[in-house]
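Enquirer: Show me the folded form of this:
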Amino acid sequence: MTQFRHLTSPLQLRGHTLRNRIVFGAHTNNMSDQGIPGPRQGKYLVERALGGAAMVVCEPVPAHRTGVLTRGNIAHESDVIIPHFRKITDEIQEAGAVAIQQIYHIGAHGDSDLSFMPHWSPSGAPSYHDSDGSHRMTVREINELLDAHVAAARRAKDCGFNGVEIWAAYHGLLDQFWNPWSNTRDDKWGGSLENRTRFSRTLIERVRKDCGEDFIVGLALSTSSVFTEVTLGAESLCELVDLHDRTGHIDYFTVGYGGYQDAESIIPAFTKGEKLTTPVTAQLKALVKHAKITSEAGIRTPENAETLIGSGEADLVSIVRGQIADPHLARKMMEGRSEDIRPCLSCNQMCWGRRSRDYWISCLINPSAGREFEWGGDRFAKADAPRSVLVVGAGPAGLEAARAAAEQGHKVEIVEALPVVGGQFRLAGQQPRRAQLLDLLDWYERQFTKLGVTLRLNTYLDEDEIAAHPADAVILATGSLPDENAFQRWLPHEPRLPGLENGHVFSPEAIIRREARPGHEVVLYDEGGNWRGVGTAWWLAEQGHKVTIVTPETFVGKEIARTFADGDARRALAAKGVVFMTESMIPRWHGNGATVRNMLTGTEQMVAASALVMATTNRSFDPYPEEFAGKEVLRIGDCSAPRLAAYAFHDGRKAALSL
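Expert: All right, here's what the predicted structure looks like:
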C-alpha cells in the first residue's frame with residue numbers, strides 16, 4: 001500500500017497494537033435506550049470496527065448527574081451498563097479494533113431540560129449551551145466530581161474497554177478549570193497554572209493508579225481561532241500538553257476544533273476549510289515526549305489523513321463523519337480500494353442535524369447508519385433468488401435503489417430521462433462550495449460499472465414501455481417538479497401566486513440549470529429555509545445579481561441551522577450584498593417587482609425586481625398508473641412525497657432490501 005504507507009502502518013499504544021492510524025473518534029450518537037447501550041448503538045460501533053478502524057472511541061458517558069447533555073446519553077454513575085457494554089466491546093475487539101470510552105462533563109454548559117440539575121462549574125459562569133447560569137462548586141463538590149470521573153473510568157474497564165478518553169475539549173469542565181477567564185477561583189483550584197491544572201492532573205493520576213499500566217488514557221483537547229481574547233491559544237495549549245505529557249500517564253491527545261463559544265466549528269460543515277487542527281497538532285507533535293497526537297476536525301478522506309501522518313503533523317487521525325458515511329473506509333483504504341469509499345459530504349444534515357434535535361444520528365448518504373442492527377450493517381447478503389429490476393429515475397432514490405439491488409445480486413437496469421444522473425441533487429452540487437455532491441454522483445457511476453448495472457441516459461419510458469419491459473420488479477423514482485402555481489403555505493387562501501401570469505417567475509431548478517434569464521435584480525422567496533433557497537440565492541449573488549431573500553421564517557436558513565452551516569451561509573450572502581426580509585411573504589407579483597408583506601405588522605412594501613424565484617414545496621412527478629400487471633411496483637423518494645434528499649436515499653436502500 002504505497003499510496004497510504006503512513007496511514008496503514010501500525011502503532012503501539014500502551015501495549016496495544018493499532019492496525020492503522022485511523023480512529024473512529026468520540027461523538028454523541030444518541031443511540032442508547034434509557035441510558036442502556038443496546039443493539040442500535042452496539043452494531044453502529046461494531047460496524048466501524050469491522051470496517052477497519054484501528055480504534056473505536058465510544059459515545060461520551062457523563063461522569064456525573066450534573067453532566068447529562070442529551071436524551072441518548074449513556075447512564076451515568078450506574079453499573080447497569082456493564083453487561084450491555086461488555087457485549088459491544090467484545091465484538092469491537094474481535095473485529096480487530098481497540099475500544100475506548102470517552103468520559104465527559106460539560107461544566108457550565110449543561111442542559112437543564114435533560115439533567116434537571118444545576119450546572120456545576122469552577123466559578124459559576126453562564127452557560128453557552130442554554131440561557132442558564134451555573135453553580136460555583138464547593139471544594140467538597142470538586143472532590144465529588146473527581147471521584148465520579150475515576151469511578152467512570154473503573155466502570156469503563158469493567159465494561160471491557162481498553163482505555164478511556166477524558167474530555168477537556170470545547171471549553172468543557174476541565175477546560176473551564178484551565179482557562180483563567182472561566183476559572184476565577186482563589187483557592188488551590190485556581191490562580192496559577194499548577195492550581196488550574198490540579199483537577200485534571202489529579203484525575204489522570206488516579207485513573208492510572210486505579211486502572212493499571214496497561215490501560216490506555218487519552219485526553220481530548222480543542223483549539224479555536226474565535227474569541228481568542230478568552231480561549232486558550234496555541235501557546236497555552238502547548239504549555240498544558242507539555243505539563244500533562246511529562247507525567248507519563250497520558251497515551252494520546254486528541255485535538256478538535258471550536259468550542260461552546262464557537263459551536264459551528266466543532267463539526268465543520270462544507271462551508272469550513274479542511275484539516276482545521278493541523279497547525280496546532282504539528283506544534284504538539286514536536287513537543288510531546290511520551291504521548292501520541294490525534295488530529296480531527298475536517299479530515300474526510302484517506303488522502304487528507306495520509307498527508308497529515310506523512311508530514312509528521314499527527315500520529316493518528318480521527319475520521320468520524322467519513323466513517324459514518326462509509327463505515328468500511330479504513331478497510332477499503334487498506335485493500336487499495338479507495339475509489340470505492342463513499343465520500344462524506346460534510347453536510348451535517350443527518351449526523352449533527354439529527355443530534356441537534358436530540359434524535360439518534362444517521363447519515364444523508366448512508367441510511368444504514370443507526371440501522372445496522374436492522375439492515376445487517378452497510379453490507380449486503382446475496383439474494384436467494386435474484387430478480388430482474390427496472391429503476392426509473394436516477395436521482396438519489398433511484399441511484400441508491402439500483403446500487404443496493406445490484407449489491408444483492410439482482411439484475412438491474414436504471415433509466416434516466418436527462419443526459420446525466422443526479423436530478424436535483426446534481427443541481428445542488430453546482431451551488432457554491434457544494435461540489436462534494438458531484439463527487440458522490442461520480443461514485444455511484446463507478447459502482448454501477450463494478451456491479452454490472454445497466455445505466456441508460458436520455459431515456460424516457462412511457463407506460464406501455466414499462467409494461468412491456470421484461471423486469472419483474474419496477475422501482476419508480478421519478479422525483480418531483482417545482483409547483484407550477486407557486487403556492488405559498490403562508491398564503492393558503494390563494495391556490496396560485498397572485499400575478500403569476502405577469503411572467504418572470506422561476507424555480508430554483510430553472511435558475512441553476514441556466515434555463516432562465518432573471519435579469520439583474522432578483523427576489524427569492526424561500527419557504528423551506530434550506531439549501532434549495534439559500535444555495536440558489538448564494539449562486540445568484542456569486543453571478544453578480546442583486547438579490548433580496550424573502551422568508552416567512554425568523555431568520556434566513558432556519559432549516560440549515562441544525563447543520564451548523566447557516567451562519568457561514570448568511571455571512572457569505574451578506575458579503576455579497578444580499579438583503580434579508582424575514583417573517584415576510586409575497587401577496588402579489590407585478591412582473592417588475594414584488595409586494596412584500598411583513599407578517600408581524602401587516603405592512604407592505606414594493607421591492608423592485610426583474611425576476612422572482614419561488615423556492616416553495618415541489619409536487620411529486622408520477623405519470624404512471626398505480627399498478628403494472630405482473631410486476632411488483634415500488635414508489636420511492638420524491639415520487640412518493642417531495643422531501644429532503646436523506647429520505648430519498650433511505651427509500652432507495654429500503655426498497656432494494658425488500659426485493
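Enquirer: my guess is residue 522 is in a strand, correct?
Expert: Yes. Assessed with DSSP: H, G, I helix; E, B strand; the rest coil, residue 522 lies in a strand.
Enquirer: Compute the distance between it and residue 102, please.
Expert: Per C-beta to C-beta, to the nearest Å, residue 522 is found 47 Å from residue 102. Quick note: C-beta positions are derived from backbone N, CA and C, even for glycine.
Enquirer: Doesn't residue 200 belong to a helix?
Expert: Yes. Looking at residue 200 with three-state DSSP, it is inside a helix.
Enquirer: Phi and psi next, for the closest residue to it other than its chain neighbours.
Expert: Counting by C-beta to C-beta, 6 or more residues apart in numbering, residue 200 lies nearest to residue 174, which is 4.8 Å off, once chain neighbours are set aside. Phi and psi for residue 174, reported as degrees, to the nearest 10, are phi -60, psi -40.
Enquirer: Tell me who's in contact with residue 174.
Expert: 166, 167, 168, 199, 200, 203 (C-beta atoms under 8 Å, 6 or more residues apart in numbering).
Enquirer: In contact with the last one, which residues?
Expert: Taking C-beta under 8 Å, 6+ apart as the contact definition, residue 203 lies against 146, 149, 150, 166, 174.
Enquirer: try the first one
Expert: When the contact criterion is C-beta under 8 Å, 6+ apart, the partners of residue 166 are 102-104, 149, 153, 174, 200, 203-204, 207, 217-220.
Enquirer: Mind pulling up the pLDDT for it?
Expert: We have a pLDDT of 98 for residue 166.
Enquirer: Of all the residues in the longest helix seen in the chain, which ones are buried?
Expert: When the chain is parsed with DSSP state H, its longest helix is helix 139-158. Buried residues in helix 139-158, counted by 16 or more other C-beta atoms under 10 Å: 142, 145, 146, 148, 149, 150, 151, 152, 153, 155, 156, 157.
Enquirer: can you give me the offset of the helix or strand where residue 324 lies from its chain's centre?
Expert: Using DSSP states H and E, residue 324 maps to helix 321-325. With C-alpha atoms, centre = their mean, to the nearest Å as the basis, helix 321-325 stands 8 Å off its chain's centre.
Enquirer: Run a quick check on residue 420 versus residue 430, I expect a contact.
Expert: No. Residue 420 lies out of contact with residue 430 (C-beta atoms under 8 Å); the separation is 11.4 Å.
Enquirer: Looking at the two, which one has more neighbours?
Expert: Shown here are residue 420 and residue 430; by other C-beta atoms under 10 Å, residue 430 has more neighbours (16 against 13).
Enquirer: what residues are up against the residue lying closest to that one once chain neighbours are set aside?
Expert: Closest residue to residue 430 apart from its sequence neighbours, by C-beta to C-beta, 6+ apart: residue 512 at 5.5 Å. With contact set as C-beta under 8 Å, 6+ apart, residue 512 has these partners: 427, 428, 430, 431, 536, 539.
Enquirer: which among those gets closest to residue 282?
Expert: Among those, residue 431 lies closest to residue 282 (C-beta to C-beta), at 33.1 Å.
Enquirer: State the helix or strand in which the closest one lies.
Expert: For residue 431, there is no helix or strand it lies in under DSSP H and E.
Enquirer: how near is it to residue 572?
Expert: 11 Å.
Enquirer: Pull up the overlap in contacts between the two.
Expert: Joint contacts of residue 431 and residue 572 (C-beta under 8 Å, 6+ apart) are residue 538.
Enquirer: hmm, back to that, so can I have a markdown table of the buried residues of helix 139-158 showing pLDDT and distance to residue 231?
Expert: Putting these into a markdown table (pLDDT from 0 to 100; distance: C-beta to C-beta, whole Å) gives the following:
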| residue | pLDDT | distance to residue 231 |
| --- | --- | --- |
| 142 | 98 | 23 |
| 145 | 98 | 22 |
| 146 | 98 | 25 |
| 148 | 98 | 26 |
| 149 | 98 | 23 |
| 150 | 98 | 28 |
| 151 | 98 | 30 |
| 152 | 98 | 26 |
| 153 | 98 | 27 |
| 155 | 98 | 32 |
| 156 | 98 | 29 |
| 157 | 98 | 33 |
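Enquirer: Show me the beta-bridge partners of the residue nearest to residue 631 when sequence neighbours are not counted.
Expert: Among residues not flanking residue 631 along the chain, residue 474 sits closest, at 5.1 Å (C-beta to C-beta, 6+ apart). Going by DSSP bridges, residue 474 is paired in beta bridges with residue 390, residue 633.
Enquirer: isn't residue 474 right up against residue 628?
Expert: Yes. Applying C-beta under 8 Å, one finds residue 474 in contact with residue 628, separated by 6.1 Å.
Enquirer: quick one, which of those two is more surrounded?
Expert: Neighbour totals were compared for residue 474 and residue 628, and residue 474 leads with 22 against 18 (other C-beta under 10 Å).
Enquirer: Provide a list of residues in contact with the more buried one.
Expert: Going by C-beta under 8 Å, 6+ apart, residue 474 touches 389, 390, 391, 392, 466, 628, 631, 632, 633, 634.
Enquirer: next one: residue 9
Expert: Shown in contact with residue 9 (C-beta under 8 Å, 6+ apart): 20, 21, 309.
Enquirer: Next up, phi/psi of it, please.
Expert: Dihedral angles (degrees, to the nearest 10) for residue 9: phi -80, psi 140.
Enquirer: what about it, distance to residue 537?
Expert: On the measure of C-beta to C-beta, residue 9 and residue 537 end up 47 Å apart.
Enquirer: Any chance of CSV for the contacts of residue 512, columns pLDDT and distance to residue 620?
Expert: Output for those, formatted as CSV (pLDDT from 0 to 100; distance: C-beta to C-beta, whole Å):
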residue, pLDDT, distance to residue 620
427, 96, 18
428, 95, 19
430, 96, 23
431, 95, 23
536, 98, 21
539, 98, 25
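Enquirer: Out of the residues you listed, grab the one that's most surrounded.
Expert: Neighbour counts for those peak at residue 536, which has 28 neighbours (criterion: other C-beta under 10 Å).
Enquirer: among the helices and strands of the chain, which has the poorest mean pLDDT?
Expert: The weakest-scoring helix or strand in the chain, judged by mean pLDDT, DSSP states H and E, is helix 112-115 (a mean of 85).
Enquirer: Figure out how far it is from the centre of its chain.
Expert: The chain centre lies 24 Å from the centre of helix 112-115; the measure is C-alpha atoms, centre = their mean.
Enquirer: Which strands or helices does that helix pack on?
Expert: Contacts defined by 3 or more C-beta pairs under 8 Å, 6 or more residues apart in numbering; DSSP states H and E place helix 112-115 against no helix or strand at all.
Enquirer: The helix or strand following it pairs with which strands, and in what direction?
Expert: Moving toward the C-terminus from helix 112-115, the next helix or strand (DSSP H and E) is strand 119-121. Sheet neighbours of strand 119-121, with direction, are listed as strand 134-136 (parallel) (DSSP bridges).
Enquirer: what does the strand it pairs with rub up against?
Expert: 107-108, 110, 118-127.
Enquirer: Is the residue positioned nearest the centre of the chain part of a helix or strand, or is it coil?
Expert: Closest to where the C-alpha atoms of the chain average out (C-alpha atoms, centre = their mean) is residue 348, at 3.1 Å. Three-state call for residue 348 (three-state DSSP): coil.
Enquirer: quick one: terminal-to-terminal distance for stretch 475-494?
Expert: End-to-end distance for stretch 475-494: 35 Å, by C-alpha to C-alpha, to the nearest Å.
Enquirer: can you check stretch 515-522 too?
Expert: With C-alpha to C-alpha applied, stretch 515-522 spans 15 Å between its terminal residues.
Enquirer: Residue 481: how many residues sit nearby?
Expert: 15.
Enquirer: Check the gap between the nearest residue to it once chain neighbours are set aside and residue 257 for me.
Expert: Leaving aside its sequence neighbours, residue 481 sits nearest to residue 621 (C-beta to C-beta, 6+ apart; 4.9 Å). Residue 621 is 42 Å from residue 257, where distance means C-beta to C-beta.
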